[in-house]
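In: take a look and give me a structure for this.
(one chain, ligands or ions: 2)
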Amino acid sequence: MSRRQVLVYRQLPPDQLARIQQEHDVVIANPRVAGQKDAFLKALPTAEGMIGSSYPIDEEVLTLAPRLEVISSISVGLDQFSPDALHRRGITLCHTPGVLTETVADLLFAMVLATSRRVAELDRYVREGQWNRSVGEDLYGWDVHGKTMGILGYGRIGQALAHRAALGFNMPVLYHTRTPVPSGLPEGRAQPVTLREVLMQSDFIVLVLPLTEQTRGLIGPQEFALMKPGAILINGARGPIVQEAALLQALEHGQLRAAGLDVFDIEPLPVDSLLRTHPKVLALPHVGSATHETRRAMCEMATTNLLLALQGKQPLAAYSPAPAR
Ligand SMILES: NC(=O)C1=CN([C@@H]2O[C@H](COP(=O)(O)OP(=O)(O)OC[C@H]3O[C@@H](n4cnc5c(N)ncnc54)[C@H](OP(=O)(O)O)[C@@H]3O)[C@@H](O)[C@H]2O)C=CC1
Ligand SMILES: O=CC(=O)O
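Out: Ligands and ions are numbered 1, 2, ... in the order given. Below you'll find the model as predicted:
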């Protein structure tokens with residue numbers, strides 16, 4: 001098998017990089033790192049395979065890469081690509097579903113607990129030297145167990161979250177997807193409902209659905225107005241699914257008790273973003289899958305995907321267009 005040209009556009013563990021270098025000629029250039037953008041652009045005309053994440057592979061990039069056959073994304077989400085456009089060009093787009101599911105569900109549940117029990121806020125209170133008497137009602141949190149968990153997007157991660165909520169914390173679960181799916185939980189523990197019902201009846205509303213043309217801006221002023229007063233929103237999906245201005249309004253006007261955000265419209269979050277300093281916001285730097293074990297598993301899977309696809313074999317997970325709805 002002939003050696004191919006591979007562009008690695010994010011750091012890989014050395015052993016995974018070595019697997020690629022054994023079979024192919026590699027250029028390493030991360031366009032998000034200062035001084036490496038030129039090398040990235042220069043490598044595109046000869047690149048036949050690419051592996052990386054967190055950088056938009058748009059028309060401009062593709063036009064510069066006429067020999068590209070395979071892109072292996074180190075992510076499950078595919079919103080950095082136009083998957084249908086890649087499919088039309090005959091480019092295989094691979095990703096890493098499954099290996100991060102439980103880890104992301106852990107983080108989503110951590111955000112549920114942290115917002116409701118005000119973990120980050122109370123940590124700041126202690127560090128700032130304000131703890132000089134027993135805390136009063138102004139610093140109490142709210143129970144999590146027994147509250148209603150609403151999940152928008154009931155795929156791999158949504159279902160793993162539902163297990164934690166229903167079986168670990170005795171929470172009734174409401175969930176919404178476009179295609180009906182069984183809950184995977186014992187009878188009576190979770191119900192499929194409409195988007196409106198999730199919004200109106202849940203104490204926690206957790207977003208864990210892909211960013212698509214349909215979901216961009218899905219949660220705006222009307223959706224916030226439907227939520228229970230005192231609901232908590234957790235966005236573990238993608239920032240642009242929530243209209244940030246409407247989110248700030250909902251926090252200001254007391255509609256929302258708190259928001260736990262792992263994702264934002266612009267990442268990294270701009271220093272002047274009002275969400276960065278808002279007292280009711282728990283803000284994380286997009287770390288749903290960021291554990292040593294899981295990031296390693298993602299890199300391994302993405303490397304395997306790349307190598308298989310370049311050999312003309314079926315990768316472990318690749319995008320294929322959904323049937324029209
Ligand atoms: N914060 C982080 O670090 C991470 C974030 N993510 C995000 O989580 C997302 C989900 O991952 P995963 O669970 O593996 O993906 P899945 O494909 O398994 O699940 C996605 C779910 O969303 C549903 N969905 C899609 N479109 C809509 C819609 N318009 N309205 C309602 N439901 C919809 C799908 O069902 P149906 O199509 O039938 O509607 C499906 O149930 C990723 O796309 C990514 O954006 C993932 C990993 C880490
Ligand atoms: O956001 C992370 C992903 O894997 O998608």
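In: show residues contacting stretch 46-65.
Out: 4-10, 12, 20, 24, 27, 30-32, 41, 44-45, 67-75, 80-82, 85-86, 89, 91, 267, 302-303, 306, 309-310 (Cβ atoms under 8 Å, 6 or more residues apart in numbering). (Each C-beta comes from the backbone N, C-alpha and C, glycine too.)
In: ok now that stretch, how far from the chain's centre?
Out: What separates the centre of stretch 46-65 from the centre of its chain is 21 Å, taken as Cα atoms, centre = their mean, to the nearest Å.
In: around His95, how many other residues sit close by?
Out: Look at His95: counted by other Cβ atoms under 10 Å, it has 25 neighbours.
In: excluding its backbone neighbours, what's nearest it?
Out: Nearest residue to His95 in three dimensions, chain neighbours excluded: Ser73, at 4.8 Å (Cβ to Cβ, 6 or more residues apart in numbering).
In: one more: Gly168?
Out: Per Cβ to Cβ, 6+ apart, closest to Gly168 is Phe109, 8.0 Å.
In: residues contacting the residue nearest to His95?
Out: Applying Cβ under 8 Å, 6+ apart to Ser73 gives the contacts 51-53, 80-81, 93-96, 302.
In: sorry, back to before: which of the contacts of stretch 46-65 are buried?
Out: Neighbour-count burial (16 or more other Cβ atoms under 10 Å) is assigned, among the contacts of stretch 46-65, to 4-10, 12, 20, 24, 27, 30-31, 44, 68-75, 80-82, 86, 91, 302-303, 306, 309-310.
In: show me the residues you listed that map onto helices.
Out: Judged by DSSP state H, helices contain the following of those: 20, 86, 302-303, 306, 309-310.
In: need the max-distance pair from those residues.
Out: Ile20 and Leu86 (20.3 Å; Cβ to Cβ).
In: which parts of this protein sit against ligand 2?
Out: Counting by Cβ under 6 Å from any ligand atom, the residues of the chain lying close to ligand 2 are 75-77, 100, 288-289.
In: what separates the residue of the chain most remote from its centre from Tyr125, distance-wise?
Out: Residue farthest from the centre of the chain, counting by Cα atoms, centre = their mean, is Arg133 at 39.7 Å. To Tyr125, Arg133 is 12 Å away according to Cβ to Cβ, to the nearest Å.
In: pretty sure the residue nearest to Gly168 sits against Ala165.
Out: Yes. Counting by Cβ atoms under 8 Å, Ala165 is a contact partner of Phe109 at 7.3 Å.
In: settle it for me: which of the two has more neighbours?
Out: Neighbour count, other Cβ under 10 Å: between Phe109 and Ala165, Ala165 has more, with 28 against 23.
In: does ligand 1 sit close to stretch 66-73?
Out: No. Contact of stretch 66-73 with ligand 1 (Cβ under 6 Å from any ligand atom) is absent, the minimum separation being 11.1 Å.
In: what's the answer for stretch 164-182, then?
Out: Yes. Counting by Cβ under 6 Å from any ligand atom, ligand 1 has neighbours in stretch 164-182: 176-179.
In: okay, among the residues you listed, which ones form the most distant pair?
Out: Pairwise distances across those (Cβ to Cβ) peak at 10.7 Å, for the pair His176 and Thr179.
In: between the two, which is the more surrounded one?
Out: Remark: of His176 and Thr179, His176 carries more neighbours, 20 against 9, as counted by other Cβ under 10 Å.
In: what's opposite the more buried one in the beta bridge?
Out: Beta-bridge pairing for His176 (DSSP bridges): Leu152.
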